[in-house]
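Undergrad: I'll drop the sequence and a predicted model, then ask my questions.
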Amino acid sequence: MSTLRTRFAPSPTGFLHIGGARTALFNWALTRKAGGTFILRIEDTDLERSTRESEAAVIEGLRWLGIDWDEGPFRQSERAERHRSVVTQLLEKGAAYRCVCTREELEERRAADIAAGGKGNYDGRCRDRGLGPDCGLHTVRLRIDRDHALRWDDLVFGPSGQEASEIGDGILRRSDGTPLYHLAVVVDDIDMGITHIVRGADHHSNTPFQIAIYRAIGAAVPTFAHLPLIVAESGRKLSKRRDPVSIQQFRADGFLPEAMLNWLARLGWSHGDQEIFSAAEIIEHFDLAHVGRSGAQADLAKLAWLNQHYLKQRPVRELFDAVSPFLEAAVGRPVLRDDNLDKLLDLLRERSTRLVEMAEKARFALVDRIEIDPDAAKKHLRPAVLVALEALITALSGLSDWSTASIEAAFETACKAAGDLKLGKLAQPVRVAITGTTASPGIYETLEVTGRERVLARLRETVQWIRTHAADGDGASSSS
RNA sequence: GUCCCCAUCGUCUAGCGGUUAGGACGUCGGCCUUUCAAGCCGAUAACACGGGUUCGAUCCCCGUUGGGGACACCA
């Protein structure tokens, strides 16, 4: 039972960004831990850039991560009337005033002020002109009381803010009558009873102006907590085209939601030495006091490690559910789950960091024809192994059951028949013949999951291939 | 330019006046081994700099440097 009310308020101008996802996660964790109410509000005031598609992408991204909300999604655009009426009230109270300065004039005066050593804030020209509704095209500005400090105790950054004299009278309403973001967020947060505003540190310096709006409206100022930004390599700003930033992109690349969540949680937050956190553990331990104050670089290598950790952790059944779409894409047809596939996935999970990679590695056992890597063929498919290969074909054909144990026995038989050949000398050529590459799970397991029919076909084909190339006087023949 | 913020291994971080400065990822080496992994063991590597305060500073204060954010009729 808690009165804590928080919100995640993304502007849907792209996809769900890792920074936004982390903000949502921290809000969610904080709220769930306290038993409060978490609200989703879409800040689509900028109609030009906001689309329904990206709004859907944001929602889908949150759902995928397992972040749920109690109220909403609300759309800020649907509250425009309320925003307008608040501006009107502020105007009536004298807490705001009309301003007829044009952009050009503003820019000019601002430049002149800066040149004269000023701060470039609005000079307050219209502040005391008492302009009425009939003043023509105008914006509405907040009359900021110069004597009050606009300070707050940030739950992450500590004492923050500045003197009111440091900022100018900001615009609340555009000349086209639409409200500005600052006014809209404040009004929405007041109306929705938000008690704790947890958001990106890019809003840290916007906060004084917003506090001024709260005061002008006469509402209680909520508690603020600003989260340091996630930065790109070497501290640079995250770039949408250069850096992987969208949650859907990570998803498409084969990262598991629990890995993403864990990774995001540890980006700027810590709980002692613990690295692995389930969603429940994040909620259990989350604490704003342990959110750092410096920007964090997105460490993709650690995400890969986490992803493999969760890949290894998943029950096979659920692993299949996750990898299935990737398998279908890699193989070109729907793939059904069976014992062999379970075994294969189990073998591959500790050899893959992402689902795409896992699907690619599973391909050899699920398709009829494989491509053999030319370098691998050249190195391992030589006439010297022909005898052993043929012995292996014979031994495998005669097996009454198809298991790693029986396959191993067949290998032993084949090696013996080839003059006590060492296992390694046979395993590698067979691996190349079956998987097309030099890297795969254990050779017996590899054969087992590939199935007898495909194994024998590929081995026979390989024998043919070696004969042909040896006869052609290929380099491979010289070694025999 | 003005205002605000930040600063521990390459990266994420622990630390909250006295520690051999800890963990994790990465990297490197070893073990294991039919390949690749996984696993296990080990190594590498940090308090940006300069002043204070203090018996004692990674920790507190000031400055410098570096980085970031905000300064829109964007959100």
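TA: Yep, that arrived.

Undergrad: Could I get the contacting residues of residue A:204?
TA: Contacts for residue A:204 (C-beta atoms under 8 Å, 6 or more residues apart in numbering) come out as A:154, A:157, A:160, A:226. Where C-beta positions appear, they are placed from N, C-alpha and C, glycine not excepted.

Undergrad: Who are the contact partners of the closest residue to residue A:342 other than its chain neighbours?
TA: Nearest residue to residue A:342, sequence neighbours excluded (C-beta to C-beta, 6 or more residues apart in numbering): residue A:316, at 4.8 Å. Counting by C-beta under 8 Å, 6+ apart, residue A:316 touches A:342, A:345, A:346.

Undergrad: go on, residue A:290?
TA: A:269, A:270, A:271.

Undergrad: Return the per-residue confidence for it.
TA: The score at residue A:290 is 96. That number is its pLDDT.

Undergrad: quick one, helices of the stretch 51-200 of chain A?
TA: A:52-65, A:80-93, A:103-115, A:181-191 (DSSP state H, counting those that start in this stretch).

Undergrad: highest average neighbour count across those?
TA: helix A:181-191 (a mean of 21; mean count of other C-beta atoms under 10 Å).

Undergrad: Just the angle for it relative to helix A:80-93, thanks.
TA: Helix A:181-191 runs at 100 degrees relative to helix A:80-93, counting by axes from the mean of the first three to the mean of the last three C-alpha atoms, to 10 degrees.

Undergrad: just to revisit the earlier point, and the helices of the stretch 51-200 of chain A as CSV, adding distance to residue A:281 and mean pLDDT?
TA: Below are these laid out as CSV (distance: least, C-beta to C-beta, whole Å; pLDDT from 0 to 100):
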stretch, distance to residue A:281, mean pLDDT
helix A:52-65, 15, 92
helix A:80-93, 39, 95
helix A:103-115, 50, 91
helix A:181-191, 29, 96
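
Undergrad: Relative to RNA strand B, which of those is closest?
TA: helix A:181-191 (3.3 Å; C-beta to the nearest atom of the strand).

Undergrad: That closest one close to RNA strand B?
TA: Yes: residues of helix A:181-191 contacting RNA strand B under C-beta under 7 Å from any atom of the strand: A:181, A:182, A:184.

Undergrad: RNA strand B contacts on the stretch 301-450 of chain A?
TA: Counting by C-beta under 7 Å from any atom of the strand, the stretch 301-450 of chain A sits next to RNA strand B at A:301-302, A:304-305, A:308, A:312, A:350-351, A:423-424, A:427-428, A:431, A:438-444.

Undergrad: For ChimeraX, what selects the buried ones among the residues you listed?
TA: A single ChimeraX command selects the buried members of these (16 or more other C-beta atoms under 10 Å):
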select /A:304,308,427,428,431,440,441,443,444
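
Undergrad: Tell me which of the helices of the stretch 51-200 of chain A approaches residue A:291 most closely.
TA: helix A:52-65 (18.5 Å; C-beta to C-beta).

Undergrad: what residues are up against the residue nearest to residue A:160 when sequence neighbours are not counted?
TA: Among residues not flanking residue A:160 along the chain, residue A:154 sits closest, at 4.5 Å (C-beta to C-beta, 6+ apart). Taking C-beta under 8 Å, 6+ apart, we find residue A:154 in contact with A:160, A:204, A:224, A:225, A:226.

Undergrad: Number of residues surrounding the first one?
TA: I take that to be residue A:160. Using other C-beta atoms under 10 Å, residue A:160 has 17 neighbouring residues.

Undergrad: Kindly report the same for the fourth one.
TA: Neighbours of residue A:225 under the rule other C-beta under 10 Å: 21.

Undergrad: Find the residue closest to it in space, skipping its chain neighbours.
TA: Nearest non-adjacent residue to residue A:225, counting by C-beta to C-beta, 6+ apart: residue A:155, 3.7 Å away.

Undergrad: Surely the one you found touches residue A:227?
TA: No: with contact defined as C-beta atoms under 8 Å, residue A:155 does not reach residue A:227; the gap is 10.1 Å.

Undergrad: what's the overlap in contacts for the two?
TA: Contacts common to residue A:155 and residue A:227, judged by C-beta under 8 Å, 6+ apart, are residue A:198.

Undergrad: With neighbour numbers in mind, choose between those two.
TA: residue A:227 (29 against 18).

Undergrad: which one of the contacts of residue A:204 sits closest to residue A:83?
TA: Comparing the contacts of residue A:204 against residue A:83 with C-beta to C-beta places residue A:226 closest, at 23.8 Å.

Undergrad: just checking, what packs against the helix or strand encompassing the closest one?
TA: In this assignment (DSSP states H and E), residue A:226 forms part of strand A:223-227. Here strand A:223-227 touches helix A:18-34, strand A:149-154, strand A:196-200, going by 3 or more C-beta pairs under 8 Å, 6 or more residues apart in numbering; DSSP states H and E.

Undergrad: so, in contact with RNA strand B or not, the last one?
TA: No: contact between strand A:196-200 and RNA strand B is absent, the nearest approach being 8.2 Å (criterion: C-beta under 7 Å from any atom of the strand).

Undergrad: Strands of the stretch 251-400 of chain A, start to end?
TA: In the stretch 251-400 of chain A, the strands defined using DSSP state E, counting those that start in this stretch lie at A:296-297.

Undergrad: Kindly state the pLDDT recorded for residue A:306?
TA: 98.

Undergrad: Go ahead and confirm it touches residue A:264.
TA: No: under the criterion of C-beta under 8 Å, residue A:306 is not in contact with residue A:264, lying 10.1 Å apart.

Undergrad: Grab the nearest non-local neighbour of residue A:404.
TA: Distances taken as C-beta to C-beta, 6+ apart put residue A:444 closest to residue A:404, at 4.1 Å, once the chain neighbours are dropped.

Undergrad: is it true that that neighbour lies in a strand?
TA: No: counting by DSSP: H, G, I helix; E, B strand; the rest coil, residue A:444 is not part of a strand but helix.

Undergrad: coming back round to it: just so I know, which of the helices and strands packed on strand A:223-227 lies nearest residue A:468?
TA: Smallest distance to residue A:468 across those (C-beta to C-beta): 52.5 Å, for helix A:18-34.

Undergrad: Name the residues that touch stretch A:364-377?
TA: Here stretch A:364-377 makes contact (C-beta under 8 Å, 6+ apart) with A:327, A:331-332, A:335, A:340-341, A:344, A:363, A:381, A:432-438, A:440, A:446, A:449-451, A:454, A:458, A:465.

Undergrad: how about 6 Å then?
TA: Identification of contacts with stretch A:364-377 by C-beta atoms under 6 Å, 6 or more residues apart in numbering yields A:331, A:335, A:344, A:432, A:435, A:436, A:437, A:438, A:449, A:450.

Undergrad: Just flag the most distant two among the residues you listed.
TA: A:335 and A:438 (24.6 Å).

Undergrad: related to what we said a few turns ago, also near RNA strand B: which of the contacts of residue A:204, exactly?
TA: Within those, those near RNA strand B by C-beta under 7 Å from any atom of the strand are A:157, A:160.

Undergrad: residues of the longest helix anywhere in chain A that come out buried?
TA: When chain A is parsed with DSSP state H, its longest helix is helix A:452-471. For helix A:452-471, a neighbour-count test (16+ other C-beta under 10 Å) marks A:454, A:455, A:458, A:459, A:462, A:463, A:466, A:469, A:470 as buried.

Undergrad: residue of the stretch 201-350 of chain A with the smallest distance to RNA strand B?
TA: residue A:294 (2.8 Å).

Undergrad: Find the nearest non-adjacent residue to that residue, please.
TA: Counting by C-beta to C-beta, 6+ apart, the residue nearest residue A:294 is residue A:228, at 5.7 Å.
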